[in-house]
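Asker: structure for this input, please:
(2 chains)
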Amino acid sequence: RKEVEQDPGPFNVPEGATVAFNCTYSNSASQSFFWYRQDCRKEPKLLMSVYSSGNEDGRFTAQLNRASQYISLLIRDSKLSDSATYLCVVNNLRDMRFGAGTRLTVKP
Amino acid sequence: DTEVTQTPKHLVMGMTNKKSLKCEQHMGHRAMYWYKQKAKKPPELMFVYSYEKLSINESVPSRFSPECPNSSLLNLHLHALQPEDSALYLCASSQETGSYGYTFGSGTRLTVV
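Answerer: Sure, this is the predicted structure:
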């Protein structure tokens, strides 16, 4: 079983749609959690950290459920520029483990 | 300076060549990492340096040799690579190992011919 599992996607949505990504992790000792965004042929860039209390940054909301070992990312009012691969990342104190990524394409 | 700088951006090398990838950060981060990423796959950890000492080697073949000359620099020496080693090599840094998010460099796209 992979340490971090994500929805395989791809997600193809129209502009303005709301889209949700889900992720589960297997290591209960994991300490910190992130969503990264990666554009084609570019490096991953930190989108947001994820906290148990939930956190919001504009159109993006991230949530962590430690009991279920589940992480989510919600994108509201999606824009063309949101098209990218979204990587769920878990830090288990030893290193960061990446999910396989979910490809999002937002269409006009 | 909040960047991780990697050079070169692109590299083509033959299987008998020796080359080096370089990574530099001036954020005072004490942990630095090398990742390998194949197309349509997530990054895979290769090496972790913490306070300039190698702390994790993910069973990487010896044809890849990391080096950390000081707290700002990380090198990856390449020798006798195979075509299947062609990939995007990403350097990252963080304040320390542990709970911190990573900052990635833009990567070196390596092609082995």
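
Asker: state the number of residues packed around A:Tyr86.
Answerer: Residues near A:Tyr86, counting by other CB atoms under 10 Å in any protein chain shown, number 25. From N, CA and C alone the C-beta is placed, and that goes for glycine too.

Asker: gap between the closest residue to B:Leu81 other than its chain neighbours and B:Glu58?
Answerer: Excluding the flanking residues, the one nearest B:Leu81 by CB to CB, 6 or more residues apart in numbering or on different chains is B:Val112, at 4.6 Å. B:Val112 is 20 Å from B:Glu58, where distance means CB to CB, to the nearest Å.

Asker: who's more crowded, those two?
Answerer: More crowded of B:Val112 and B:Glu58, by other CB under 10 Å: B:Val112, with 19 against 13.

Asker: hmm, stretch B:91-110 touching chain A?
Answerer: Yes. Using CB under 8 Å from any CB of the partner chain, stretch B:91-110 reaches chain A at B:97-107, B:109.

Asker: wait, a helix at B:Pro66?
Answerer: No. Read with DSSP: H, G, I helix; E, B strand; the rest coil, B:Pro66 is strand and lies in no helix.

Asker: hmm, it is touching B:Ser55, no?
Answerer: No. Under the criterion of CB atoms under 8 Å, B:Pro66 is not in contact with B:Ser55, lying 11.0 Å apart.

Asker: find residues that contact each of those two.
Answerer: B:Tyr49 (CB atoms under 8 Å, 6 or more residues apart in numbering or on different chains).

Asker: the two: which is more packed in?
Answerer: Ranked by neighbour count (other CB under 10 Å), B:Pro66 and B:Ser55 place B:Pro66 first, with 20 against 13.

Asker: tell me what that one is bridged to.
Answerer: With DSSP bridges as the criterion, B:Pro66 is bridged to B:Leu76.

Asker: measure it to B:Leu76 for me?
Answerer: For B:Pro66, the distance to B:Leu76 - CB to CB - is 5 Å.

Asker: which neighbours do these two share?
Answerer: Here B:Pro66 and B:Leu76 have B:34, B:46-47 as joint contacts, going by CB under 8 Å, 6+ apart.

Asker: can you tell if the helix or strand bottoming out on mean pLDDT in chain A touches chain B?
Answerer: Every helix and strand in chain A was compared by mean pLDDT, DSSP states H and E; the lowest is strand A:96-98, with a mean of 90. Yes. Contact of strand A:96-98 with chain B (CB under 8 Å from any CB) involves A:96, A:98.
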